[in-house]
Every structure is written in C-alpha cells, then in structure tokens.
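# Build the 3D model from these lines:
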Amino acid sequence: MRWIRAVRRGILAAAVVLAGNSGVAQSPGELSAGDRGPLTFVTAGDLTHYLAPLVDDWNRDHRAERVTLVELPDSADESRAQMLSELRSGSSRFDVLNIDVAWTSEFAAAGLITPLNRGRFELDAFLRPVVDTATFEGRLYAVPYVTNAGLLYYRKDVLDAAGEKPPRTWAELARQARTLAPRHGLEGYAGQFLPYEGLTVNVTEAIQSAGGTVLRDEGARVGVDSDSARAGLAFLADGLREGWIPTEALRYKEEESRAAFEEGRLLFLRNWPYVYADANGPGSKVAGRFGVVPLPGLDGPGTSVLGGSNLAVSARSKNAATAADFIAYLTGERVQRQVLTRGALPPVRASLYDDPSLVASHPYLPILRQSVLAAAPRPKSARYEQVSLAVQAVSQDVLALRETPEEAVRRLTRELSAISGGS
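Residues are numbered from 1 along each chain as shown. Prediction:
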C-alpha cells in the first residue's frame, strides 16, 4: 500500500512520537507522565527530505532530549511489517511511530500503542474528521499529523469547450466520460484499480459515495450488504463494461494514473492532492489546462476516504513527557505550515486551509478542505489487513466483470462476517 506517491511524497512521511504528559489529569490506562530523555522516531521513508530538518530544529533546542530519526522503506507495507515486528518482539527501540491512519485500530487493539491524553493536544484546531482516524473504541491512541482526501481532476479546457461544468454526480461523470472524451481522443475516467490498498480506497469511496459503509461499530458489524454498496460497485463495473473506464486502469496505482493524466490521455482522474503540483509542472501536457473538484457521488458530491498518517506512542516507550512535547511540536502551527510548504503534504490544522498566502501557492486548498470535511475513514477494524484484502479480492472480480455487484456484495458480506466473527 504505497500511499500516493503519497508515499513518494512522503504521505506517510513523518513517523512520530510518544505522547503524553500535560498538566491535565489522565484517565486510568492512559499514557503517564513518564521520564524525560531521548527518543527514537520511526517513519516510512521521507522522499521529500523535509522531515530531517524539522528534527534538527527540535534537537538544537533539546540537547538532553534528542530525537533520532529512523527511516524505514518507503513502501508502506514494508514499513508496517518492520514496525509490527519490533513492537511484537517487546523491543523498546521505537518510541514514536508515524503510522498510516488505517493502522491505528490494528495497533491499538493489539496493545502496541498507548492511549493518549486528549487534553495535551490542540485537537480542536484540527480538521474535525481527521481526529476520528486517531481513535479506537472511543479513546485517542494517536495524534493526527498529515491528512489527505481524494479529488477529481478534470480537463478544464475540454469541458469549457463543450460549455459544461465539472460533474457533481456519477451520472454526469459517466455521460461526459462517454461522450466528450472520445471527441478529443481521450479515455474517460480512471482511479487506482490494481489489487492493492488503493483499490480498497477506491471501492470504499464508491460505497460511501452512494451512502453505504463497509463495516459498522469499528468492525463489530458488517454493513456492506446494502443497495448503496451494490450501487457503488455497479458504478465502477458499468464504467469498465461501457468502456469509459479503460481496461488499463485495472493496472493503475497512484503513479500510473497520474502519468496517464499528465500525458493528456484522460478526461477525469481520481487521485490525491500531490498530483496538482506535478500536473502543473514541467513536462506535463495538461499544465494550466485542468481543474479539481470534490469527488462526485450517486446523487451529489461524494465521500472520499481519509488518507494520511497519525503519530502514535509505543507501549514500550519510557520517555513519555518528552514524547508528548515532541508530538505537540510536530502538530503545532509552525511545523504544520512546513509540512505543506516543504513536504507537499496536507496539514491537519484547519486554519492553514484559509491562509491567503498558502492558498495563493496551493490553489487546491479550499477544495481539499471541503473534501476532507466530507470524508470518512477507511473501515475501522482490529483486523484491518484482512478486511482490506477481502475488499480487494472481491472488487477485483467485479471490475474484471467475472462477478456481478449483487454476487460480490453477498460474497464480501460472508467474508467480512467471518473476519469480524473471529475478532
């Protein structure tokens, strides 16, 4: 699951820190004040190289509480495996972890990360939905660090020439993809449909955008057996059957789909915010010729899946007070501004999305804010990896037209019920 070039852009970029102390009383079982001292901060590879200078800034002012940055492979799957191996072994090597938002429930349920004191962090200053990605069973187990939401990129020049506005519904998108794209030698629409985490995201977005859900009550109940889920899968299957989703999109991850759009081969693309700067950069055939809007849905604007990463504290960490300060540092406004300007990653602080200087240099921010506020997390489950693999396997058969949406929903319901029943 290499999130967005996101991983390439470091969306999982800053692994993070231990958390804890404040002058606020803590509930039993939450992170205690602990000792002060050095930390090890582990993250997936930071390919934009913005993170090390932030750690250096901290270290200049905290010589007795220095943070050592450990970068794992930039593949999210490999990073997750290495983090889990260390934590399950009982090792105290890692203090702070930068984890994909989808891992929070899994790590929390396994007792690998520690509940945090809500009063220690400025959660009210964050975009509201991102905080939900950091909770499990009503408790805060991490602090949001980077967020993300899917956007619809469209060829503004093509739609303008036809006197049309960008689509707000699936019906409008399908009609434009089916009728306008061929006139300009374009394919209609693509997302990320290769069987990997991106497929889970795209399918979950389709189900949510029709008003449905995959799981309920943090994985305790299966919610996919619904007309909404069938409609979401049918939207994607119909696109492939009718040809306005090209079959090569079944091999697309984030980067392949980005390249197709930038090479001028697509009318519409579902992808992450990092594409905006690239598509306007040197070598892009669509620079200055595209726009971006929230994802469309069944009857109106759709519901994106929230991406990004959270900062969690290892249950084996000893320097909790320092960890809490470090997390507060990384999620403070000054550093969050640099997360955007240096790291090209969407920050979690709401005020930055209205900052005139940032909007001038990142024009997509108002649309991204709208998309994040309407977004929802991926299915929460202590067995998230199994859930994701089940969604991918079933969805692959639907998109390959080997199974109908109705058959797929029945099969997915059975498989998710077996997973949930074992948790």
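# hey, where'd the strands end up in this protein?
Taking DSSP state E as the test, the strands found in the chain are 39-44, 67-72, 96-100, 135-136, 139-140, 142-149, 151-155, 187-190, 215-216, 221-222, 266-271, 290-294, 306-313.
# closest to residue 88 out of these?
With CB to CB as the criterion, residue 88 lies closest to strand 96-100 of the strands of the chain, at 13.0 Å. For the C-beta atoms, the positions are set from N, CA and C on the backbone; glycine is no exception.
# Between strand 39-44 and that closest one, find me the angle.
Compare the direction of strand 96-100 with that of strand 39-44 by axes from the mean of the first three to the mean of the last three CA atoms, to 10 degrees and you get 20 degrees.
# okay, strand 96-100 in PDB with CA atoms only?
Output in PDB follows, covering the C-alpha atoms of strand 96-100 (Å, rounded to 0.1, in the frame of the first residue of the first chain):
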ATOM      1  CA  VAL A  96       7.300   7.200  18.400                       C
ATOM      2  CA  LEU A  97       5.700   5.800  15.300                       C
ATOM      3  CA  ASN A  98       4.300   7.600  12.200                       C
ATOM      4  CA  ILE A  99       1.500   5.200  11.200                       C
ATOM      5  CA  ASP A 100      -0.900   5.200   8.300                       C
END
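# Who does that strand pair with, and is each partner parallel or antiparallel?
Strand pairing for strand 96-100, using DSSP bridges, gives strand 39-44 (parallel), strand 306-313 (antiparallel).
# which of those is buried the deepest?
strand 306-313 (a mean of 30; mean count of other CB atoms under 10 Å).
# roughly how far is it from the heart of the chain?
9 Å (CA atoms, centre = their mean, to the nearest Å).
# mean confidence for it?
On average, the pLDDT along strand 306-313 is 96.
# about what we covered before: could you dump the strands of the chain into a markdown table and include distance to residue 61?
As requested, the strands of the chain are exported to a markdown table (distance: least, CB to CB, whole Å):
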| stretch | distance to residue 61 |
| --- | --- |
| strand 39-44 | 14 |
| strand 67-72 | 11 |
| strand 96-100 | 17 |
| strand 135-136 | 31 |
| strand 139-140 | 26 |
| strand 142-149 | 20 |
| strand 151-155 | 37 |
| strand 187-190 | 46 |
| strand 215-216 | 43 |
| strand 221-222 | 48 |
| strand 266-271 | 38 |
| strand 290-294 | 38 |
| strand 306-313 | 19 |
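# What's the separation between residue 194 and residue 299?
Noted for residue 194: a distance of 29 Å to residue 299, by CB to CB, to the nearest Å.
# Please disregard the earlier target; I meant residue 39.
Taken as CB to CB, the span from residue 39 to residue 299 is 48 Å.
# Residue 227: what's it in contact with?
residue 212 (CB atoms under 8 Å, 6 or more residues apart in numbering).
# does residue 347 really touch residue 336, like I thought?
Yes - using CB atoms under 8 Å, residue 347 is in contact with residue 336, at 4.1 Å.
# Who has more neighbours out of those two?
Between residue 347 and residue 336, counting by other CB atoms under 10 Å, residue 347 is the more crowded of the two (28 against 22).
# now that one, which residues is it bridged with?
Bridge pairing for residue 347 - DSSP bridges - gives residue 146.
# and residue 194 and residue 299? which has more neighbours close in?
More crowded of residue 194 and residue 299, by other CB under 10 Å: residue 194, with 18 against 13.
# Next one: the more buried one from residue 395, what distance?
Distance from residue 194 to residue 395, by CB to CB: 11 Å.
# So what's the residue count around residue 92?
Neighbour tally, residue 92, other CB under 10 Å: 14.
# I meant to write residue 87 there.
21.
# In contact with it, which residues are there?
Taking CB under 8 Å, 6+ apart, one finds 94, 107, 110, 112, 314-316 in contact with residue 87.
# buried set for stretch 56-63?
58, 62 (16 or more other CB atoms under 10 Å).
# swap in stretch 181-189?
181, 186-189.
# swap in stretch 278-296?
Buried-residue list, stretch 278-296, by 16+ other CB under 10 Å: 278-279, 284, 286, 290-296.
# Farthest pair within the residues you listed?
284 and 296 (23.7 Å).
# Give me the distance between residue 170 and residue 236.
For residue 170, the distance to residue 236 - CB to CB - is 10 Å.
# hang on, isn't residue 143 packed against residue 135?
No - with contact defined as CB under 8 Å, residue 143 does not count as touching residue 135 (10.7 Å).
# Contact partners for residue 401?
With CB under 8 Å, 6+ apart, residue 401 has these contacts: 237, 240-241.
# How about the residue nearest in space to the middle of the chain: what's its closest non-neighbour residue?
Residue closest to the mean C-alpha point of the chain, counted by CA atoms, centre = their mean, is residue 307 at 1.1 Å. Sequence neighbours aside, residue 148 is the residue nearest to residue 307 in space, at 3.2 Å (criterion: CB to CB, 6 or more residues apart in numbering).
# For stretch 260-274, measure first residue to last.
15 Å (CA to CA, to the nearest Å).
# what about that stretch, average pLDDT?
Computed over stretch 260-274, the average pLDDT equals 97.
# for stretch 39-49, same thing?
On average, stretch 39-49 scores 92.
# now swap in stretch 106-121 and tell me
95.
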